[in-house]
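Enquirer: predicted model, plus sequence, below.
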Amino acid sequence: LKDISLYAKPGQKIAFVGSTGAGKTTITNLINRFYDIQSGTITIDGVDICHIKRDELRRHIAMVLQDTHLFTGTVMENIRYGRLDATDEEVIQAAKMASAHSFIMRLPKGYDTVLTEDGSGLSQGQKQLISFAAVSKAPILILDEATSSVDTRTEKHIEQGMDRLMAERTTFVIAHRLSTVRNANAIMVLENGEIIERGDHEDLLKE
């Protein structure tokens, strides 16, 4: 990454678009402190993240990745993984918010259906909806290519759930396609580790 400078105000949605290898995921890995930067600073509420313990930092960040991994266990347990003290009612509420409730109710045993082998009986879109439902109440949300492996109709469905998840959180969205980040407050276009354009959807279309 070279000369990257940006900020996100509380509750804003910031998007990163660009080709594979442009540096989009690197930025989100650095926010999580999966590795530390050699120069420059990343601050949350003015505090340098190097001074925040990793567990404490990550408790405030929820992530949904392109590849969804589910655990062997019930649907209920998989969703609860995002917040271990959640009640059954809260789990069901989370599934409704993520647009996952209706398909879960159609599974053989609903929320008590046991998923094995990484959710082998579910479609990619269904797995993705379960992972959205599992998102903790962390104030920062990172979505890394979270809808890239589903068809456009499922994506529409997921987007409704995503909009509800993103309400009142500071969100970083990584996408290949500009269309998936239409309603972002600011879009950063990355190429070779640099921000080559920035603006909202309208600005970038004009450019």
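Expert: Looks like it came in fine.

Enquirer: so residue 187 sits in a strand?
Expert: Yes: secondary structure assignment places residue 187 in a strand (DSSP: H, G, I helix; E, B strand; the rest coil).

Enquirer: against residue 135, how distant is the spatially closest residue to it that is not a sequence neighbour?
Expert: Using CB to CB, 6 or more residues apart in numbering and skipping residues adjacent in sequence, the residue nearest residue 187 is residue 15, 4.5 Å away. Bear in mind the C-beta positions are built from the backbone N, C-alpha and C, glycine included. Summarising the geometry, the distance separating residue 15 from residue 135, computed by CB to CB, to the nearest Å, is 18 Å.

Enquirer: all strands for the chain, in order.
Expert: 13-18, 43-44, 47-48, 61-64, 73-74, 114-115, 140-144, 170-175, 186-191, 194-199 (DSSP state E).

Enquirer: for the closest residue to residue 137 other than its chain neighbours, the count of nearby residues, please.
Expert: Counting by CB to CB, 6+ apart, the nearest residue to residue 137 once its immediate chain neighbours are dropped is residue 83, at 6.5 Å. Counted with other CB atoms under 10 Å, the burial measure for residue 83 works out to 17 neighbours.

Enquirer: would you confirm that the residue nearest to residue 187 contacts residue 176?
Expert: No: checked against CB atoms under 8 Å, the pair residue 15 and residue 176 is beyond contact range at 11.1 Å.

Enquirer: more neighbours, those two?
Expert: Between residue 15 and residue 176, counting by other CB under 10 Å, residue 15 is the more crowded of the two (24 against 14).
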